[in-house]
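J.: turn this into a model:
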Amino acid sequence: MVSMGADQQLPPIAAIEDVIEALRRLGVGVGGDESVPGVDLALAYSAVGATERNAFATEQHARARGAGPAEFGEAVGAVLDGAACHSDLEVRALLEWRITRTTQALQLLDLSGPHGDVDPLARTILLTGSTDRLGSSDLGGMPGLTGLWGKLAWRPSA
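T.: Model (predicted):
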């Protein structure tokens, strides 16, 4: 993991009460005690999950109205707009972060196949997500991807 340099600024984060309100609006009832270490991170990850669940449900409704791969391909750029990506490096950093966190989430599941071994699709996803193409790991010891986010200097959106 690359650390922030002295000339780099960390991006701002939402206040805990704002994240809790956003989660409630997305149908997730949560609470958060600011004195608990890591509660901000847990709530932020919960917000990602709730937002993705909402996008998945919205996509199902769009399918029911006749939308298909072409429409989803056009709309998927909104992910990058919502993340305020301003360069290809920022896009790659966001996608790397998502792949890394998805791989970690998959590692929490029982991925057993019908014969007790790892399901072939799950194995493919894990191997693809943990490919060590960019260097050291952010997966707790598992070969994986580096944190490109640490290489980016945050700047407020214009």
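
J.: give me the residues contacting the helix or strand where residue 22 lies.
T.: Taking DSSP states H and E as the criterion, residue 22 maps to helix 16-25. Contacts with helix 16-25, where a contact means C-beta atoms under 8 Å, 6 or more residues apart in numbering, come from 14, 29-32, 34, 39-40, 43-44, 46-47, 50. Yep, even glycine has a C-beta here, placed from its N, CA and C like the rest.

J.: give the buried residues for the next helix-or-strand element following it.
T.: The helix or strand immediately downstream of helix 16-25 is helix 39-64, counting by DSSP H and E. For helix 39-64, burial by neighbour count (16 or more other C-beta atoms under 10 Å) applies to 39, 40, 43, 46, 47, 50.

J.: where's helix 39-64 relative to the chain centroid, distance-wise?
T.: 10 Å (C-alpha atoms, centre = their mean, to the nearest Å).

J.: that one vs helix 16-25, what angle?
T.: On the basis of axes from the mean of the first three to the mean of the last three C-alpha atoms, to 10 degrees, helix 39-64 is oriented at 30 degrees to helix 16-25.

J.: how about the residue of the chain positioned farthest from its centre, secondary structure?
T.: Most distant from the centre of the chain: residue 115, at 31.1 Å, with distances by C-alpha atoms, centre = their mean. Using DSSP: H, G, I helix; E, B strand; the rest coil, the structure places residue 115 in coil.

J.: residue contacts, it?
T.: Listed by C-beta under 8 Å, 6+ apart, residue 115 has no contact partners.

J.: what do you get for the one 4 residues further on?
T.: When the contact criterion is C-beta under 8 Å, 6+ apart, the partners of residue 119 are 111, 112, 113.

J.: wait, the first one touches residue 118, no?
T.: Yes. The pair residue 111 / residue 118 is scored as a contact, 5.1 Å apart, by C-beta atoms under 8 Å.
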